[in-house]
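1. have a look at this fold, sequence not included:
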């Protein structure tokens, strides 16, 4: 009996310290190649684990470092995720979750760059070399404003820096003039490497000039599909004071999906907000590609119904209102003194008048001496 208890205690200790997955690994299994991916900070980071949705034992491990020779792997998501982590690793674990066959880290930060491994028991299902590029260095350009994208940059005897573009996202609205965006990442081609070889800038392992991701926008127009209009969510009422800053966050929106905003049915476009015709104090969040709408100093003219759409479908509605403040008369000391002086003068005039009338009546009487005689 005591031997069984010892075995159970040993397994419990191993599970607590995250070593059970290592004991379950199958020796001699071929190593999967590392897949290099780039992401933008302040937005979700999503990694897919092939076949992970069919098992409840899938867990993700993370190694802090961008090279395959980095340090010890730690389990951050799944049934083997330990709870004793501290510092950045604990903070990363709190932002990580497993959804079907995917690991979602939301939001991702630059410090989350490193090695991510998906495992199912003793099997390694996927391995990723991840670089999270800094969204505060995001270069935004709009074709309709004549703005250009970043040009290639050659670092002598080191590398050539350029932007590797993703595909264009779908138009953010249909049936009217809309906009679409395209996300690009900083990539580097080593000077001694073949022409086709390139890696994310942060994974090259060289000191390079600072260069971040890019977001390119242009106008677009598509027809609406013949589908019945979806049920619109009820608007959420927001009360704001004059001069207060307000931020409207659109659920499910990020730099990776088409997002559009409108106010009282009128589109709020990047072109209007980035150009000279934009509303002063109104802006879309640049770091997340318009996932939130900001008003720096709310005024009475900002009242209205704001709606956000993700992938062409309404995600949220906000009714912005300013409470009506009753008009209060200001205390006027000068007016009060003037009224007081008028009252004193009136009472003085009445007193003097009554005294004169009494004196006149006294002098006209024959039987009563006048003025004391």
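-> Yep, that arrived. The shown structure was predicted, so the numbers you read here are calculated from the model rather than taken from an experiment.
2. which stretches of the protein have low pLDDT?
-> Across the chain, the stretches falling below the confidence threshold (pLDDT under 70) are 1-30, 52-56, 66-71, 80-84, 196, 229-230, 276-279, 325-332, 360-373.
3. got the domain ranges for it?
-> Partitioning the chain according to automatic domain parsing yields domains covering residues 12-133, 136-220, 236-321.
4. just how off-centre is the shortest one within its chain?
-> On the basis of Cα atoms, centre = their mean, to the nearest Å, the separation between the geometric centre of domain 136-220 and that of its chain is 22 Å.
5. now do that domain: distance from first to last residue.
-> Using Cα to Cα, to the nearest Å, the span of domain 136-220 from its first residue to its last is 27 Å.
6. quick one, phi psi at the spatially closest residue to residue 108 that is not a sequence neighbour?
-> Closest residue to residue 108 apart from its sequence neighbours, by Cβ to Cβ, 6 or more residues apart in numbering: residue 45 at 3.7 Å. C-beta coordinates here come from the backbone N, C-alpha and C atoms, glycine included. For residue 45, the backbone dihedrals (degrees, to the nearest 10) come out as phi -110, psi 120.
7. now for residue 45: which residues touch it?
-> Residue 45 is in contact with 39, 103-106, 108, 112, 130, 132, counting by Cβ atoms under 8 Å, 6 or more residues apart in numbering.
8. can you select the buried ones among those residues for me in ChimeraX?
-> Only the buried members of the contacts of residue 45 end up in this ChimeraX selection, burial being decided by 16 or more other Cβ atoms under 10 Å:
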select :39,103,104,105,108,112,130,132
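9. distance to residue 295 and secondary structure for the contacts of residue 45 - can I get that in TSV?
-> As requested, these are exported to TSV (distance: Cβ to Cβ, whole Å; DSSP: H, G, I helix; E, B strand; the rest coil):
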residue	distance to residue 295	secondary structure
39	29	strand
103	35	strand
104	30	strand
105	30	strand
106	25	coil
108	27	coil
112	31	helix
130	35	strand
132	29	strand
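10. out of the contacts of residue 45, who's nearest residue 193?
-> Of all these, residue 193 sits closest to residue 130, with 20.9 Å by Cβ to Cβ.
11. give the contact list for residue 308.
-> Contacts of residue 308 by Cβ under 8 Å, 6+ apart are 248, 250, 253, 259-261, 293, 314-317.
12. same thing but 10 Å
-> Shown in contact with residue 308 (Cβ atoms under 10 Å, 6 or more residues apart in numbering): 248-253, 259-262, 268, 290-293, 314-318.
13. can you flag which of those residues belong to helices?
-> Counting by DSSP state H, the contacts of residue 308 place none of their members in helices.
14. output the domains of the chain in CSV, with distance to residue 352 appended to each entry.
-> What follows is the domains of the chain, written out as CSV (distance: least, Cβ to Cβ, whole Å):
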stretch, distance to residue 352
domain 12-133, 82
domain 136-220, 81
domain 236-321, 54
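15. distance of residue 188 from residue 137?
-> 15 Å (Cβ to Cβ, to the nearest Å).
16. I meant to write residue 349 there.
-> When Cβ to Cβ is the yardstick, residue 349 and residue 137 sit 82 Å from each other.
17. give me the more crowded residue out of the two.
-> Each of residue 349 and residue 137 had its neighbours counted (other Cβ atoms under 10 Å), and the higher figure belongs to residue 137 (15 against 10).
18. and the strands in the stretch 101-250 of the chain, which stretches?
-> Assigned by DSSP state E, counting those that start in this stretch, the stretch 101-250 of the chain shows strands spanning 102-105, 114-120, 123-133, 139-142, 153-155, 159-165, 178-190, 199-200, 214-220, 236-239, 246-249.
19. which among those is found nearest to residue 34?
-> Residue 34 lies closest, by Cβ to Cβ, to one member of the strands of the stretch 101-250 of the chain: strand 123-133, at 4.7 Å.
20. in stretch 86-95, what counts as buried?
-> Neighbour-count burial for stretch 86-95, with 16+ other Cβ under 10 Å as criterion, is recorded at 92-93, 95.
21. save the residues you listed as CSV, and put in distance to residue 193 too.
-> Below are those laid out as CSV (distance: Cβ to Cβ, whole Å):
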residue, distance to residue 193
92, 32
93, 36
95, 34
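22. could you list which of those residues belong to helices?
-> With helices taken from DSSP H, the overlap with these comprises 92-93.
23. residues contacting residue 273?
-> The neighbours of residue 273, taking Cβ under 10 Å, 6+ apart as the test, are 261, 279, 282-284, 290, 293.
24. surely it is within a helix?
-> Yes: the assignment for residue 273 by DSSP: H, G, I helix; E, B strand; the rest coil puts it in a helix.
25. ok, it to residue 281 distance?
-> Counting by Cβ to Cβ, the gap between residue 273 and residue 281 amounts to 11 Å.
26. then residue 65?
-> If you measure residue 65 against residue 281 using Cβ to Cβ, the figure is 43 Å.
27. same question, residue 89
-> The spacing between residue 89 and residue 281, counted by Cβ to Cβ, is 40 Å.
28. before we move on, what about residue 179?
-> Here residue 179 is placed at a distance of 21 Å from residue 281 (Cβ to Cβ).
29. these two: which is more packed in?
-> residue 179 (24 against 13).
30. you'd agree that one is up against residue 271?
-> Yes: Residue 179 is in contact with residue 271 according to Cβ atoms under 10 Å; the separation is 6.8 Å.
31. identify the contacts common to those two.
-> Counting by Cβ under 10 Å, 6+ apart, the contacts common to residue 179 and residue 271 are 142-144, 217-219.
32. let me have the residues you listed in JSON lines, extended by distance to residue 168 and neighbour count.
-> As requested, the shared contacts of residue 179 and residue 271 are exported to JSON lines (distance: Cβ to Cβ, whole Å; neighbours: other Cβ atoms under 10 Å):
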{"residue": "142", "distance to residue 168": "14", "neighbour count": "19"}
{"residue": "143", "distance to residue 168": "11", "neighbour count": "14"}
{"residue": "144", "distance to residue 168": "15", "neighbour count": "14"}
{"residue": "217", "distance to residue 168": "10", "neighbour count": "25"}
{"residue": "218", "distance to residue 168": "8", "neighbour count": "16"}
{"residue": "219", "distance to residue 168": "12", "neighbour count": "15"}
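33. many thanks, I have nothing further to ask.
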